[in-house]
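Chemist: predicted model follows, preceded by the sequence.
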Amino acid sequence: MSLVGFTAVATVTLLLCVMTGPDRDDLDEFYTGYGSLSPMRNGLAIAGDYISAASVLGTGGVIALFGHDGVVLALSTALSLMLLMFLLAEPLRNAGRFTMGDALARRMPGRGVRITACAVTLAALLPLMLVQLAGTGQLLAFVLGFSGETLQTGCIIGLGVLMIGYAAIGGMKGTALIQILKIVMLLGSGLVVAALILHRFGWDPGALFDAAADKSGAGPAFLNSGLQFAGGPHPDADMISSQLTVVLGGACLPHVTMRMYTASSARQVRRSMSWAVSGVALFVLVVAVVGFGATALVGRSVIAGIDPQGNTAYLLGSQAAFGARVSTAETFLFTTVTTAVFLTLLASVGGMILACANSLAHDVFAARVREMSPRREMTLARVCALAVGVPAIALATLVQHRSLQPLVTLSFCLGASAIAPALVYGLFWRRYTRAGLLSTLIGGSLAVLLLMPGTNLVSGSPVSAFPEADFNWFPFTTTGLVSIPLGFACGWLGTMLSGRRKAQEQRRHYEAVEGWILAGAVRRGD
């Protein structure tokens, strides 16, 4: 039934992309879908882009293995989207048009800014794409019961091609419809599973938590802070670094921020974000119950034995919620759960490929030609989707048997250390200069790339990407504690070194567009 469900979903979603994709040479239709989605549908699409397969499987696994620390991680993801909603959503919608490069180049025009923004976009999203693609093979192997490496590689290649088709054919509107379908299926099936788990424990959350603690092997520590980072030399600082990275990095990733440009007005973006935050908050509740339920019903040792990262915990918890005797209706429900996770993988990569392709086509190639026709730019964006997707598929087949947690962490660290400071400074600091912007993007990215190989996620532990090696010289799980302050410091230092004359020029330029960026009375291109 799962195979039938997967095939049906792949067919229907591809058909949706073909039916809703742009049929004219109109860039606004391809890049933003004309802003035609209602606030509710746009909000669901934002929530769908924000909740990736790494969020579903990874967060569920952390909750199942580490209890309290996993719940804090889930709450941090919701807090990150709220930060986007209250601080950046409206200015981003007002300043940008199609890509993050548009928003940054609005104050500091030039190819250098756009090319750097595109490079950071690719660096931040490519690792996440690899995680989703490699996870596709693992998911199908777990659900369908095969273990052959050739079959897993074939699944990655086949589904990767499908995801490229989503981005190239459907554009923004097509991928939005897939995200809406995904979030509805994910939350709908998750709520039913969560209700079944709570029913097993007499609708008493306390009984669920106590049972999870008993089956965790950690006792009361499972329900207290610090279990996830207990093995490190600086557990408290490591926990702060991880949460800070998630809060600042999660909502600033380009495939999420590009959804801000699809709103037709400031009021629409506010209402869309309200729906998105509500959907993510509901997801946090669902994944917390299912994660604890997996530990209570299956046991922490069994979950860790199947996957040391706990990525199968969400599916194991859903499976265990039905009990020993499974009816036809329950089999159908579990098929819906697995199909929802499968669709999450498809939709997440489709959105990321679209964000990367849009940035390559619009910020790098179209900016080089003074007057590029809409037909040519749209064709270029579709070719760029292929150019991004094919290397991602090839790399995913190479890393599928490694621990993928460092790649997820790398993306969030780049979002928090390079993109978040650039957006905050670029949208709100009057003196911010071109040198400061380039220093932020390049300095923050280099800090992450230099520090990440030294973390305990890459080497030095049995669950690291290279367990047989030990070059762990940076004693933290993420780089955020150092790289985030460095990203902000690089922007400040680059601006200060630009000189008073450059700073005054930028102040005057910002004051000329300040009301437009912050109030959004007029939108570029309207």
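Modeler: Good, I have the coordinates. Numbers count the residues shown, from 1 in each chain.

Chemist: dump the residue contacts of M258.
Modeler: 98-100, 172, 354-355, 358 (Cβ atoms under 8 Å, 6 or more residues apart in numbering). No exception for glycine: its C-beta is placed from N, CA and C like everyone else's.

Chemist: make it 6 Å
Modeler: Neighbouring residues of M258 by Cβ atoms under 6 Å, 6 or more residues apart in numbering: A355.

Chemist: pretty sure it sits in a helix.
Modeler: Yes - assessed by DSSP: H, G, I helix; E, B strand; the rest coil, M258 belongs to a helix.

Chemist: could you list the low-pLDDT ranges of this protein?
Modeler: For the chain, the stretches with pLDDT under 70 are 21-29, 32-36, 145-148, 324-327, 367, 369-371, 515-516, 519-526.

Chemist: show me how far the helix or strand A47 falls within is from its chain's centre.
Modeler: Per DSSP states H and E: A47 is located in helix 39-50. Put simply, helix 39-50 sits 13 Å off its chain's centre (Cα atoms, centre = their mean, to the nearest Å).

Chemist: who are the packing partners of it?
Modeler: The contact analysis (3 or more Cβ pairs under 6 Å, 6 or more residues apart in numbering; DSSP states H and E) places helix 39-50 against helix 171-200, helix 254-257, helix 266-297.

Chemist: those helices: which one's closest to S225?
Modeler: Distances from S225 to each of the helices and strands packed on helix 39-50 were compared by Cβ to Cβ, and the smallest falls on helix 266-297, at 15.2 Å.

Chemist: quick one: list the elements packing against that closest one.
Modeler: helix 39-50, helix 60-66, helix 68-83, helix 89-95, helix 171-200, helix 205-216, helix 313-320.

Chemist: out of these, nearest to F365?
Modeler: Closest of these to F365 is helix 171-200, at 17.2 Å (criterion: Cβ to Cβ).

Chemist: if we can go back for a sec, format the helices and strands packed on helix 39-50 as TSV; extra columns: distance to T479.
Modeler: Listed next are the helices and strands packed on helix 39-50 as TSV, based on distance: least, Cβ to Cβ, whole Å:
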stretch	distance to T479
helix 171-200	29
helix 254-257	19
helix 266-297	25
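
Chemist: kindly reformat those helices as a markdown table containing mean neighbour count and distance to I156.
Modeler: Output for the helices and strands packed on helix 39-50, formatted as a markdown table (neighbours: other Cβ atoms under 10 Å; distance: least, Cβ to Cβ, whole Å):
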| stretch | mean neighbour count | distance to I156 |
| --- | --- | --- |
| helix 171-200 | 22 | 19 |
| helix 254-257 | 25 | 20 |
| helix 266-297 | 23 | 25 |
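
Chemist: between those, which one is nearest to S403?
Modeler: That would be helix 266-297 among the helices and strands packed on helix 39-50, by Cβ to Cβ, at 19.4 Å.

Chemist: quick check: angle from the closest one to helix 205-216?
Modeler: Helix 266-297 runs at 60 degrees relative to helix 205-216, counting by axes from the mean of the first three to the mean of the last three Cα atoms, to 10 degrees.

Chemist: return the distance of helix 266-297 from the chain's centre.
Modeler: The answer for helix 266-297 is 14 Å, by Cα atoms, centre = their mean.
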